[in-house]
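1. The sequence and its predicted three-dimensional model are supplied below.
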Amino acid sequence: MLRKRRGVTLLVTLAIIAAMLGLVGILFGYLQQARSQASFKAAYIQADLLREDITSFLKGSLKPNPSQQTLQLFYSTPLPIYEEKGEFGMTAHCSALFNRIPLVWLDGKWDPKHPRRSILARKLFDRLSQQAELKEPERLLAMILSALRGKTTRFGIDRWLQGKKDKISLHTFHRLLEDYRFAADDPNVYKVEWEDYFLVEAIDPVPEKIDREFLTPPLVAYLFDQDPALVKEEYRSGNLSEFLASVGEDGERYAWLFEKNSPAAMECEAIYQFREGTYRLKFDYIAGRIENFALFRE
């Protein structure tokens, strides 16, 4: 009987040790998570402190109506940005912001007095849907319109956009595509590079025209009925006029669509190190102000 009791005691002791080790593992996991969250918050605070320096740098470097050459330089050259004391900085890469069709143009209610914007956006949506062979393009369009009007539900349960009219973001748009993919059982939705054609991020106010010279190559091919391979080979962002002249097109049919001069509107991204982590900062710069400021952990 003594041996049996010792055996039982040993089993109980091992069980307690195992439970304690499991508890320690759980606590260690929570500790690591807390440290990670604290590190991310610190990185965001540091990036937010840079926000004013970023704004000052861009405002000081860009006039209200910068030349095309200046914008080309900004879009082709990494931009070093440092805080005022020079103790912390990052290198940003920027590109034209209004070089695609605003997603909100799909909603004819946005600007009923100028339906050609909505007509253009709808035709583009239809073309992309046909090329990707979407099973239920009408459903996807309805979901996008609902999202733009702040009425979207996530599988009919979570009203994750309620009350946020025209505030759709890239993140919520990706969630919307995911919802459509499962609701319609249609993975073809991922065949479309939507962001090459549509400006998804909400911009206030919504742009009424787009940047002619810095259009994305896929949008150039679509608007001017050109072979995408030819556009990829011959077209250079910032030189649309030269490309159109080379293919015998003047672009006048879209005079209503384009800004006369390229606006000081760009989207920027920077990768930087902070403490032991690597982070990616994204923001839009529009006429002297920063919008859609977001930080991501790499």
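-> Cool, got the structure.
2. Excluding residues flanking it in the chain, which one is nearest the residue nearest the centre of the chain?
-> Centroid-nearest residue in the chain: residue 170, 4.3 Å away (criterion: Cα atoms, centre = their mean). Leaving aside its sequence neighbours, residue 170 sits nearest to residue 200 (Cβ to Cβ, 6 or more residues apart in numbering; 5.2 Å). Using the backbone N, CA and C atoms, a C-beta is placed for each residue, glycine as well.
3. And for residue 232?
-> Counting by Cβ to Cβ, 6+ apart, the residue nearest residue 232 is residue 217, at 5.6 Å.
4. residue contacts, the one you found?
-> 196, 228, 231-232, 235, 237 (Cβ atoms under 8 Å, 6 or more residues apart in numbering).
5. cool, residue 243 as well?
-> 220, 231, 234-236.
6. quick one: what helix or strand has it in it?
-> Residue 243 is part of helix 240-246 when elements are defined by DSSP states H and E.
7. hmm, who's touching the helix or strand following that helix?
-> As assigned by DSSP H and E, the chain's next helix or strand after helix 240-246 is strand 265-274. The contact list for strand 265-274, computed with Cβ under 8 Å, 6+ apart, reads 39, 42-43, 46-47, 71, 74-75, 79, 81, 89-98, 201, 207, 211, 278-287, 298.
8. after strand 265-274, next one along is what?
-> strand 277-286.
9. Tell me which residues are up against that following strand.
-> Residues outside strand 277-286 that contact it (Cβ under 8 Å, 6+ apart) are 39-40, 43, 47, 51, 54-55, 58, 90, 92, 94, 97, 201, 203, 263-273, 290-298.
10. of those residues, buried ones?
-> Buried residues within those, counting neighbours by 16 or more other Cβ atoms under 10 Å: 39-40, 43, 47, 54, 58, 90, 92, 94, 97, 201, 203, 263-268, 270, 272, 292, 294-295.
11. And the helices in the stretch 51-200 of the chain?
-> In the stretch 51-200 of the chain, the segments counted as helices under DSSP state H, counting those that start in this stretch are 68-76, 115-132, 137-148, 170-183, 194-197.
12. With mean pLDDT and distance to residue 250 added, can I get the ones you listed in JSON lines?
-> Shown next, in JSON lines, are the helices of the stretch 51-200 of the chain (pLDDT from 0 to 100; distance: least, Cβ to Cβ, whole Å):
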{"stretch": "helix 68-76", "mean pLDDT": "89", "distance to residue 250": "18"}
{"stretch": "helix 115-132", "mean pLDDT": "96", "distance to residue 250": "18"}
{"stretch": "helix 137-148", "mean pLDDT": "92", "distance to residue 250": "32"}
{"stretch": "helix 170-183", "mean pLDDT": "90", "distance to residue 250": "34"}
{"stretch": "helix 194-197", "mean pLDDT": "96", "distance to residue 250": "23"}
